[in-house]
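In: I'll drop the sequence and a predicted model, then ask my questions.
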Amino acid sequence: MSLFGGPERFACSRAACTAQASWRIDWSNPRIHAAGRRKTWLACDEHRDYLEGFLVTRGFPLEVSPLHAEDPAS
Ligand SMILES: [Zn+2]
């Protein structure tokens, strides 16, 4: 995935948060996204619950995975 193609730090997706992300949240909105299309948010430890809860309360399917910067993307 091109999002993880570079060596730069990955910042949390929460507005105004500049912490380094430790998690990735892949989610989709079945009402506007074509089948199989997903968006990815990145989350720091502090905001993972917030971002996950935001999606859960809307009923969006999501998958949370640890973000390991040292792992190759492919
Ligand atoms: Zn954050």
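Out: Cool, got the structure. Just so it is clear, the structure is predicted and the values come from calculations on it, not from any experiment.
In: please tell me how far the residue of the chain most remote from its centre sits from the ion.
Out: If you look at how far each residue of the chain sits from its centre, by C-alpha atoms, centre = their mean, the farthest one is residue 31, at 19.2 Å. For residue 31, the distance to the ion (C-beta to the ion, to the nearest Å) stands at 26 Å. In short, each C-beta sits where N, CA and C put it, glycine included.
In: low-confidence ranges, the chain, go.
Out: Along the chain, segments meeting pLDDT under 70 span 1-8, 69-74.
In: which strand residues bridge the spatially most central residue of it?
Out: By C-alpha atoms, centre = their mean, the mean C-alpha position of the chain lies nearest to residue 41, the distance being 2.4 Å. Beta-bridge partners for residue 41, by DSSP bridges, are residue 25.
In: roughly how far does it sit from the ion?
Out: Noted for residue 41: a distance of 10 Å to the ion, by C-beta to the ion.
In: surely that residue and residue 24 touch.
Out: Yes. Counting by C-beta atoms under 8 Å, residue 41 touches residue 24, with 7.2 Å between them.
In: which neighbours do the two share?
Out: Taking C-beta atoms under 8 Å, 6 or more residues apart in numbering as the criterion, residue 41 and residue 24 do not both touch any residue.
In: in what helix or strand does residue 53 lie?
Out: helix 48-57 (DSSP states H and E).
In: give me the contact list for that helix.
Out: Contacts for helix 48-57 (C-beta under 8 Å, 6+ apart): 13-14, 22-23, 25, 27, 41, 43, 62, 64.
In: and the residues you listed, which of them are in helices?
Out: Judged by DSSP state H, helices contain none of the contacts of helix 48-57.
In: closest to the ion among the residues you listed?
Out: Checking those against the ion by C-beta to the ion gives residue 14 as the nearest, at 4.2 Å.
In: so that closest one touches residue 47, yeah?
Out: Yes. Using C-beta under 8 Å, residue 14 is in contact with residue 47, at 4.1 Å.
In: quick check: phi and psi on the residue farthest from the centre of the chain?
Out: With angles defined as degrees, to the nearest 10, residue 31 sits at phi -80, psi -30.
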